[in-house]
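Undergrad: Please find the sequence and the predicted model below.
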Amino acid sequence: MPISFPTTLDLGRFLPEILLTVFGTLFMVLDAVLQKRSKNLFGHLTLLALAAALGASLYAGSEPGPAFGGMLVVDGFATFFRVLVLGVGMLIVLSSYRFLARENAETGEYHALLLFSLAGQCLMASANDLIMVFIGLEISSIASYVLAGYLRDDKRANEAALKYFLLGSFATAFFLYGVAILYGSTGTVKLDQIHAVLTGPNAPFPVFVTLAAALMLVGLGFKVSAAPFQVWAPDVYQGAPTPVAAFLSAAPKAAAFAVFLRIFTTALEPIGTAWEPLAWGSALASMTIGNFAALLQSNIKRMLAYSSIAHAGYVLVALTARSDTGTSAAMFYLAAYALMNLGAFAVVTHLSGKGERYLTLDDFAGLAQKQPFTAAMLTIFLLSLIGVPLTGGFFGKFYIFKAALDSHLVWLAVLGLLNSAVAAYYYLRVLVMMYMHDPSQAVQEAEPLSHGLQLALVLPALGTLFLGIFPNWVLEFAGHSAALMK
Amino acid sequence: MQLWLIPLLPFAGFLVNGLAGRRFPKGAVNAVAIGSVLLSFAWVLKTLFTINLDAINQEHYFTWIQSGALTVGCDMAVDRLTAVMLLVVTGIGSLIHIYSIGYMAHEGGYYRFFSFLNLFMFFMLVLVLASNYLVMFVGWEGVGLCSYLLIGFYFDKKFATNAGNKAFIVNRIGDFGFSLAMFYMVRNFGSLDFGTVFKAAPGASEAVLTTIGLLLMLGACGKSAQLPLYVWLPDAMAGPTPVSALIHAATMVTAGVYMTARSWVIYTHAPLALNTIAIIGVATAFFAATIGLAQTDIKKVFAYSTVSQLGYMFLGVGSGAFSAGIFHLMTHAFFKALLFLGSGSVIHALAGEQDMRNMGGLRHKIPWTFWTMMCAAVAISGVPPTSGFFSKDSILVAANHHAPWMYWLGVVTAGMTAFYVFRAMFLTFFGEYRGHAHPHESPPLMTIPLAMLALLSLGGGYIAVPAFLGRFFPTVEAPEDFTLVAISVAFGLGGIALAYLMYIARPGMADSLAGGLKGLYSLVYNKYFVDEIYDAAVVKPVVGGSRVVLWKGMDVGFIDGMVNGVGALARRTGAVLRLLQSGNIRSYATWVLFGSVVVIVALELGGGAR
């Protein structure tokens, strides 16, 4: 391919990533140069950057097509995930204002890292080439590793970051190995071309293709914290600063699922019957391990970590369905999950207090008496996590299990539904604590909600209810783009 | 048309008052609450004047649920039936909102009351405007929620919260029926849309239609307080009196009648279901009227009277005279709302007294209340030419055409109705005052709505609803029969005369009669012990079962045992679990490696090696 300067169309389709990177770099410079500044400056600037990137994504999405000779593709699917991760970024910024001030943390680097990580995730969403996927994955991951250990003086955070880094690199190596083998056997790294080779007359020897699929499954399974590669998640979520844990549970996970869905439902669809049983097993194992382990947790962050493993399992159910309805159900679920989970984490951020001292379930006792608004918001998020009607979580689960049933995965749907009944127990326990017990020490000491946190609660709550009452608007878009992806 | 404005205006009122009403002065709360309902009423009038009611006036807002072949949209529509309901709901609703300013002036939770009332209006209008069963169900459940919230308005009183719970739980049984009916419709017709279902219904088998009809009827019995699910309505009087008038007399409880009339296509093809409705209706009308004879709490009398009158509406609808049922629904909304608001005015005047044994002689002290209530009493007794005469008459004629025994039971009920209403009037307003309060007439904010309702009660019969709806429903060719009419009027007048004899002319007679028929009197006075029977047959076993089986057995024994068992298991297999989740990176890496080997082997065995 002759090297030429990218066209404006290419650049336009790549604009979100460009904006995020430029702003991130600018922050690094500003951080070093500016002596006097308002403590909220970087937060505001980040919101601005994210809004710009969001606008650019929507603009790029209005004129879909490939970029850079097919290395990227900006289709509905990519736009959906770009908007999703950028929205997550905004909510994280909102819930970080108070947190960073409380912990006396540097704000410049934090926001720069956030932007870099999001740039990687946007790239993952639009990558149509295994090399691009890998680059996006690394950009996203490396920034995330640093964010996990952002509170340098906190031993737990350091440990979390190191673990995340070592295990993450280990898993990425698997992924890269899979990419190499796939390239070796098909002679290309472009997803559409891989699909063509695999269905064509000169299909390579299946042992190598399945080996490549298995290795990529390991790498991506790690990124989405699916069983049996979930072990890192509880330790990392617990140790990482709460807003970062919230971020990790939403944005990188959504982007990794985007890659997962794109690779396995386009390039590797020809060997679908081979990987389907494995996705089946992984989905069931993730749901079961996540939910049953969460039953026994007393630390709220750990509980949410296990719950996020279980929710990854639900999304894998949708992937196992191997259909357009499954893909759109997964997209809908990831959006709903991001909203409700970020909301729940925002309450944890709010209540944990300086140095994150209050993180047990008992610390939520009596929250409804002292801060009824916060308790009401958390109630919405927990009900949505359970999957109660009128919340996004309900329709998310509904569509996922419906997709599973349409693909005749009856047992997986039944076991998944039983799992979500088990999950109700540990979420309801928090509700009981909040509404039926006397205020705890943590609740007595809790400061009033800051404006940023108020927004970080109200917006996801409205979003959750919106998805629960008008699911079709998002679902229709998702279904449309899932069908076009092929 | 912009039909969405009609329900959304009260909803906006709810949001404003609910979120910020606490900080508003009362005037602002009033302006928001009453203004939104009046605007909604105005929009109803404007809409009805500008559209052609015989065309299809449907608006599609968005697709709500799209799942496989089933599509449910958020759709609203206006036709002749909806037009009547809209006028009743917003018109009576506006009057009662205005009345409430006076009635609630000295109560706590002022803004809360009005925001709930507005929310109720929203859901009721959604129920009426819906053009498919699911949207209707949203309104149906929503009004139930508001009913619960408003019955339990005085939530610091145990009996009020209990009454709220009772209403909510009893209604669950009916709603269960409604839900099943919807599932059945989806299965058989693949749609919940009124148009689609009614188009397909004549072609369906009678068994299917009968099942759907009976299940819908169960829902209607819950909401409209019919046998055997009527028990919640008398207790619902624990709420403030305007609530009793609006929700538990004029609008919400008639939703069952409305829903049945709306589903007339289904019912005309399911005669068994229709006949069941007629039987339940006439039985409820008679049964509740007998209880009304011996009640001493003024609101309880009118509560049982409401149950009884709803029975009449069911009788009308069940006899195939859908327009007569809706006609009576409207006139009943006038005179029963008036009776409740009037009794509220009495209670207001006596600083909370509700026992008629402590009233008497109030006609000179609160003349406005007395005269307006008298209009309602005459109307409910079916004295010509008041509104009740026309509507009750059309139902009874239809009932005679359907089954003559239902007519006779209905006529006897009419006599009893006249008796207990005038008994209440005489005990309250005539004789000597037996209480200790200082009665005072209510403010004009309360008496003006009363006067307007009095005019409607007297003249409402000339609103030609049957003719108006005659082009919507199939007509029943019941011949007008002067004898039948004369008999029912005679029973009504007889009831009034008997009440006069027993409570004015010979005041001792009632007591001696009650003494003479001690057993019967105590049976009726205690409402046939239905609450006690339900308590023993349903509530106690459920509570006991929950305590012994679910709590002690299932929760403590099984679930806790399982959780503890899991804990014990976790401890016992601690070595394995520690290996798994030790926090040690090397073991994690080993675990990932182990997992990868499993994945690779499984995949190769499953697909690759073939």
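TA: Alright, I've got the coordinates.

Undergrad: By residue count, tell me the biggest helix in chain A.
TA: Using DSSP state H, we find that the single longest helix of chain A is helix A:155-186.

Undergrad: what packs against that one?
TA: Helix A:155-186 makes packing contacts with helix A:130-148, helix A:191-199, helix A:206-223, helix A:232-239, helix B:585-603 when contacts are defined by 3 or more C-beta pairs under 8 Å, 6 or more residues apart in numbering or on different chains; DSSP states H and E. For the C-beta atoms, the positions are set from N, CA and C on the backbone; glycine is no exception.

Undergrad: I'd like to check the angle between that helix and helix B:585-603, please.
TA: If you take axes from the mean of the first three to the mean of the last three C-alpha atoms, to 10 degrees, helix A:155-186 sits at 30 degrees to helix B:585-603.

Undergrad: What values do phi and psi take at B:Arg363?
TA: With angles defined as degrees, to the nearest 10, B:Arg363 sits at phi -70, psi -30.

Undergrad: follow-up on the earlier one: could you point out which of the helices and strands packed on helix A:155-186 sits nearest B:Leu329?
TA: Closest approach to B:Leu329 among the helices and strands packed on helix A:155-186 (C-beta to C-beta): helix A:232-239, 58.6 Å.

Undergrad: pLDDT averaged over that closest one, what's the number?
TA: Mean per-residue pLDDT for helix A:232-239: 90.

Undergrad: Name the residues that touch that helix?
TA: A:148, A:154, A:156-161, A:163-164, A:167-168, A:222, A:225, A:245, A:248-249, A:293, A:299, A:301-302, A:304-306, A:308-309, B:581, B:583, B:588 (C-beta atoms under 8 Å, 6 or more residues apart in numbering or on different chains).

Undergrad: what angle sits between it and helix A:130-148?
TA: Using the same axes, to 10 degrees: helix A:232-239 against helix A:130-148 is 40 degrees.

Undergrad: Which strands or helices does the next helix or strand after helix A:232-239 pack on?
TA: Following helix A:232-239 in sequence order, the next helix or strand is helix A:242-262 (DSSP states H and E). Where contact means 3+ C-beta pairs under 8 Å, 6+ apart, helix A:242-262 is packed against helix A:76-102, helix A:108-126, helix A:130-148, helix A:206-223, helix A:232-239, helix A:300-320, helix A:324-352.

Undergrad: Report the angle between helix A:242-262 and helix A:191-199.
TA: Using the same axes, to 10 degrees: helix A:242-262 against helix A:191-199 is 40 degrees.

Undergrad: Mind giving me the packing neighbours of the helix or strand following helix A:242-262?
TA: Sequence order places helix A:272-295 as the next helix or strand after helix A:242-262, per DSSP H and E. Applying 3+ C-beta pairs under 8 Å, 6+ apart, we find helix A:272-295 packed against helix A:206-223, helix A:300-320, helix A:410-436, helix B:560-572, helix B:585-603.

Undergrad: Pull the number of nearby residues for whichever residue of the stretch 251-400 of chain A sits closest to chain B.
TA: Closest residue of the stretch 251-400 of chain A to chain B, C-beta to the nearest C-beta: A:Ala274 (2.3 Å). As a burial measure, A:Ala274 scores 23 neighbours (other C-beta atoms under 10 Å in any protein chain shown).

Undergrad: pLDDT score assigned to it?
TA: Model confidence at A:Ala274 (pLDDT) stands at 85.
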